[in-house]
Structure formats: C-alpha cells, structure tokens
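Asker: Have a look at this fold, sequence not included:
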C-alpha cells in the first residue's frame, strides 16, 4: 500500500474491512471496499448486499454507478474523472480518492510528505518509451468505455506522444552527456595461439564396477529414505529418537498389503485371481464397489469395511510411521468420495476415514492434522466446490483429524485450498455448527465471517450467516448486541429463509435476556420486539410462521408482551401447518432445510403453550377447513392438551370446544385406527367437565 499516508493506513485497518487491502490500485477499482467504508458511516444508505465484489468491467461500473448516486445525495466531492481513473487501475489513482474519502468522513486533513521524483531514480535504459507510455496510460477497459470514440482515442494518443517527446527534449537539456556520440576505438585483435601438430594422448583407466547386494525390499528402502530426509530437516534432534523412527518405518507393513489381506479374507481369494493388469485386491474391490449395482455385493462389502474399522489401529500405526502410506490410502479411496452420497461406497468410505482420523488424533494430534491438511484437503476441495450436499459429511470427516485447539489451523488450510470466498463461507457455516466447544479466538473468527456473510449479495449466504449468529448468542450473547443495527437492516430482506433465521436470532436473544432487569435489557428487548413484529407483519410465508411458532414459544413466559402477536401468528396458520407443528413427537425433532443447506429446528411448542389456547385454535382450524373426519394428528393434540385438569374458570370454554367438535368425535369412534385414542379423549374430557358434560 505504498503511496498512502500513515494516517490513512491506520484508518483503513481500524475499519476491519471484510477483505484486506494488499494492492491499492486493484483492490479499490471495483468500488466494493469503498462501499463498505461508507457503510460503516451510513449503514442505512449503503447496504452491502447491493454490491458485488467481482472484478469484471460490468460489475465495476454497476458498483460505481450506485456509489455515484450516493455521492450526489450526500455531497461527497468525488468527480467522475477520479472514478474513471480508479476503475481503469491507473497508477496512483486510488490515492487521491482515499484521501478525499478520509477527509470527508473524518474531517481531518491528510499530512502528505513530498516524495522524490521516481523518474530520477530510474536508470535511463529503464525509462518509458513511447509505446510503453501509451500502454500504461490507456487501459483496455477504457477502449470500451470512455475512449470508445475513434477520434477521442486518437487525440488521447497524440497528447501522450507529445508529452513523451517533451520529456525527451527536457532530458536532452538536463543530461546532454547521454546523447553525445563518440567514435569507438578500434579493437585490437589478439594474435592466434599456435596449436601443436600432435596432441599427446594419455592412457585412460576405468575402475571396476562394484555391485552391492540388497537384502531389503523396495518399500523398506523408500521408508529408509523418508526417514533420512526427516532426519536431515531436524538435524538438531536426538539421534536415538531418529534411529527409533527409522527402525519403526522399516518395520511398517505397506498399507496396500494390509488392505489386500483384509479384502481377500472377507470376499474370498477367488474373486481377485486373474485381475486385469495384476491389480491389487483392494483396487479391484473398490472398483467393483463404485461401479457395480449388484445387491449381493452389499453384505460382503459391509463386512469388509467393518473388518477394516476393527483393524484400524494397524492402519493408523502405518500412517504415523510413514506419512506416505496415508497419501496412498487417500489415493486408493478417493473414488468412493465421488460416489453418490446415498451409495454404500461413500457411506462406508466416510465411516472408515472418520474412524482413522479419531484414532490418529488420539495418538498424535499434530501429525494427524498436518497429514490431512497436506493430503486430504486437496482431495476433497473439488467435491466441496461442486457437491454442496456432501459438504457436511466431508467437513465432519476433516474435523475428525484435528482436536478443537487445531481447528483454526485446519480452517486456514481449507481457505488456502479452496481459493473461493463464497464456497469457503458456506463451509465455515457448516464448521461452526459442527463445533462442540469454542475457544475465544475460534469464536472471534466465526463472528468475523458471520459479519462478512451478512454483507453478501447471495440471500442464501445471508441466511446461513444468521444461523451462525444464533450460535454466537448461545455462547456469548453480549457480542451480538453491537450487531443489532445490521440485523435490523435485514428485516425487509424479502427472502423467507433470511426472515426465518432472523426470527431464530430474536428468539435466542430473548431466551437469555429478561426485560426490566437493567436499562440496557429494556432497550435491547424493545428493539427485538419491534424487529420480531416487523418480520411477522410483512412476511406471508407459512414456513417462516412455523419457525416463529416453534422458536418463540419458549420465551412467551418471560416476555408476555409477545403473546398477542404469537396468538395472531398461530391463527394465521392453515389446518395442515398447525397440525404438523403441534403433533411433532418430542423424541423426533422436525427440521426444515433451506437453500443455504442449513437445518432450522421446528420443535413442537405443544407442551409450552396453554392447553386451552391450543384446543381453541384446533377447533377453529377444523371448522375453517370443513373437515368431516378427525386425523391422527388432531387426536394426538387433543390427548396432549387434556393431560392436565381444567381450571374452574375455563370449564365453560372447554365445554363449548367439545360441543363444536362433538360430531367429529362421534365419527372418529367408527374409525378403527382412531377408536381407542378417541375413547381416551372422551373419557378425559368428560372426567374434567364433571356435571357439565351431560349438557
């Protein structure tokens, strides 16, 4: 970032932008970081989901067009000429732009230090020629935008040539010695040396070739070479440890040989005789598993993989003693990961490597993490980019090879391997949901990428980032309070999954805060109430309403001001959605999968709500849908709400509900599937109503 003053450098770093600035000329050319800077000061006017971080000319022009409208609205003194210079990556064009922005936003003047003329430091032979001056001053992107007109382009070229000639004339005046010609001296020829008529020839002797016999096989020699290389890299280590490592590596049974024995024992030696090209049994077995659809192969293959898992310790010992064996193992099983996720090959291969990773981590966590980072991540990167449905499984396998303290290291290795920010953010979301505990640094990392995801143009990425915020609330809710401004901007997002995840964030905040405890809690809860109401008022998606009914039910007791709003949402559900949410068994949680591939829990709120409210709503829904018969879900709900005895003041209302459902109850008695349960419903109802049941 040469050319920028120290004050501007410190200011940019303090803004904590989503992308680090490495090349000022290139990084600010598309306007994305400029928009992010202004969004820090004008969050309601500059919304990052409207901007694209692409580097194509069309995306640059679109971003700067939005920014120019904002500049005109706010009176920011940035001219179109300055913008064009930045778009086309002209030398030092970004510096005056950033100085103008810095002065405008901070009301501070930039203290510039006059730099030396760079041309004086460049040797004469390296200075610009006419063609290089034109090439540096006229970019290809200008030829399709500001210099589209042929006459304008010619005039611009003529100006550049004129300026170049002027600079040459000034150089002739300032440095005349460079342009004076002197006649070169005649070079004196060295007389040729006389060659002897005969060249004496000496006698050449060849030593006898000494052949040494080898008493070790190729695998042992390679292992010895690997150990020798490791010893050279760590020459300061203990020689005794190195000797032990060499001995251990030489004693390792090759991984291919171990797997061949297992496969032949489980599948029978006859299946692999006469294999094409003398292939190993494990290779033939995996090829059959990936390509064959024979159902008879499943049981034998399952037994073979089960045996591999049981004998996993021997495999792990081979990997720890000779890392190249781990590379061979991954190369052998790589095709199984490219099989469909529902296939036997994929599921068993994944299970085997998860078991290997867990056992390697127990023995040597540093080596396990390093091996997977070096050999495993490059193999799974193509799948992570092209097969979103496999990401959770593959990333779970990756985490089996590292303990929690090394997750940061593995995440960095994954980022370097992917080289795709969008795919990396999607993977980070999954990794956060896989965490069982968080260190302070790990949580800070996830918060950083959650905030980055909230500013993305993709709606599914914004929704996924919100699912990360839910976890942050559960871990350290005070860290989410400063995010409320950004969360409130998403209430009118329009995408159902963003609204659903935003409701989950609101419910998570309310679950850990009590309104009225402190002034801060009153203010925060008030903002969350307003945000929740705004989402539910504007949203018409039944999926969002089901999430709202499920996630807000646990907080109604501590936040009674939400009850009326909750009742309205409950009544707005149709009969099918209401029954589906309420009748979900306690031991079988329901999950909704969005386009971001993040599951949203839709637990039944049946036991958390007043039984009378549930019964009333059920009666209304049955009447609205004009159903003639009760469904099993309806009977399940009635049995649940009738568990507790009726309150004295509620008996009349319960009697009215029974009267409304009387015909449906009688019809259900004739249904073989519902008869026993409906008899229990009638018994509980009559017992609770007492004398009023006869009416």
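Answerer: That came through, no problem. Remember, predicted model here, so these are calculated numbers, not experimental data.
Asker: From now on I want contacts and neighbour counts done on CA atoms only, so please keep to that.
Answerer: Noted.
Asker: Spell out the residue ranges of the strands in this protein.
Answerer: Ranges of strands within the chain are 591-593, 599-601, based on DSSP state E.
Asker: among those strands, where is the model least confident on average?
Answerer: Mean pLDDT is lowest for strand 591-593 out of those, coming in at a mean of 53.
Asker: right, and residue 281 touches residue 266 too?
Answerer: No. Here residue 281 lies out of contact with residue 266, judged by C-alpha atoms under 8 Å, at a distance of 11.3 Å.
Asker: Neighbours of the closest residue in space to residue 372 that isn't next to it in sequence, how many?
Answerer: Leaving out its chain neighbours, the residue that sits closest to residue 372 by C-alpha to C-alpha, 6 or more residues apart in numbering is residue 401, at 6.7 Å. Using other C-alpha atoms under 10 Å, the number of residues around residue 401 comes to 31.
Asker: Backbone dihedrals for residue 401, please?
Answerer: Per-residue torsions, residue 401: phi -90, psi 10 (degrees, to the nearest 10).
Asker: residue contacts, it?
Answerer: Residue 401 is in contact with 354, 357, 358, 360, 361, 365, 368, 369, 372, counting by C-alpha atoms under 8 Å, 6 or more residues apart in numbering.
Asker: Can you tell me which of those residues is nearest residue 390?
Answerer: Distance to residue 390 across these (C-alpha to C-alpha) is lowest for residue 354, with 14.5 Å.
Asker: Assess the claim that the closest one and residue 395 are in contact.
Answerer: No. Contact criterion C-alpha under 8 Å: residue 354 and residue 395 do not qualify, at 10.3 Å.
Asker: picking that back up, which one's more surrounded, residue 281 and residue 266?
Answerer: residue 281 (23 against 16).
Asker: Can you give me the buried ones in stretch 421-437?
Answerer: 423, 424, 425, 426, 427, 428, 429, 430, 431, 432 (16 or more other C-alpha atoms under 10 Å).
Asker: With stretch 56-76 instead?
Answerer: 57, 59, 60, 61, 63, 64, 67, 68, 70.
Asker: Likewise for stretch 331-343?
Answerer: For stretch 331-343, by 16+ other C-alpha under 10 Å, it's 333, 334, 335, 336, 337, 338, 339, 341.
Asker: now these as a markdown table including pLDDT and distance to residue 34?
Answerer: Shown next, in a markdown table, are those (pLDDT from 0 to 100; distance: C-alpha to C-alpha, whole Å):
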| residue | pLDDT | distance to residue 34 |
| --- | --- | --- |
| 333 | 90 | 47 |
| 334 | 89 | 43 |
| 335 | 88 | 45 |
| 336 | 89 | 46 |
| 337 | 90 | 42 |
| 338 | 90 | 41 |
| 339 | 89 | 44 |
| 341 | 86 | 42 |
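Asker: would you list the residues you listed in CSV and tack on distance to residue 173?
Answerer: Output for the buried residues of stretch 331-343, formatted as CSV (distance: C-alpha to C-alpha, whole Å):
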residue, distance to residue 173
333, 73
334, 70
335, 72
336, 74
337, 72
338, 71
339, 74
341, 76
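Asker: So which of those residues belong to helices?
Answerer: Assignment to helices by DSSP state H places the following of the buried residues of stretch 331-343 there: 333, 334, 335, 336, 337.
Asker: The last one against residue 350, yeah?
Answerer: Which is residue 337. Yes. Residue 337 lies in contact with residue 350 (C-alpha under 8 Å); the separation is 7.4 Å.
Asker: returning to what we had before: would you format the buried residues of stretch 56-76 as CSV with pLDDT and distance to residue 345 included?
Answerer: Below are the buried residues of stretch 56-76 laid out as CSV (pLDDT from 0 to 100; distance: C-alpha to C-alpha, whole Å):
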residue, pLDDT, distance to residue 345
57, 84, 45
59, 86, 43
60, 88, 46
61, 88, 48
63, 89, 47
64, 89, 50
67, 91, 52
68, 88, 55
70, 89, 55
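Asker: Out of these, which is nearest to residue 44?
Answerer: residue 70 (11.5 Å).
Asker: can you give me the helices in the stretch 51-200 of the chain?
Answerer: Taking DSSP state H, counting those that start in this stretch as the criterion, the stretch 51-200 of the chain carries its helices at 57-74, 80-87, 94-106, 118-121, 130-137, 150-174.
Asker: List just the one of these that sits closest to residue 544.
Answerer: When those are compared by C-alpha to C-alpha, helix 57-74 sits nearest residue 544, at 31.6 Å.
Asker: Which strands or helices does that closest one pack on?
Answerer: Applying 3 or more C-alpha pairs under 8 Å, 6 or more residues apart in numbering; DSSP states H and E, one finds that helix 57-74 makes contact with helix 80-87.
Asker: Tell me what angle the helix it packs on forms with helix 94-106.
Answerer: 120 degrees (axes from the mean of the first three to the mean of the last three C-alpha atoms, to 10 degrees).
Asker: by contact count, what packs against helix 80-87?
Answerer: Helix 80-87 packs on helix 57-74, helix 94-106, going by 3+ C-alpha pairs under 8 Å, 6+ apart.
Asker: Now render the ones you listed as a markdown table, adding distance to residue 604.
Answerer: Listed next are the helices and strands packed on helix 80-87 as a markdown table, based on distance: least, C-alpha to C-alpha, whole Å:
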| stretch | distance to residue 604 |
| --- | --- |
| helix 57-74 | 45 |
| helix 94-106 | 50 |
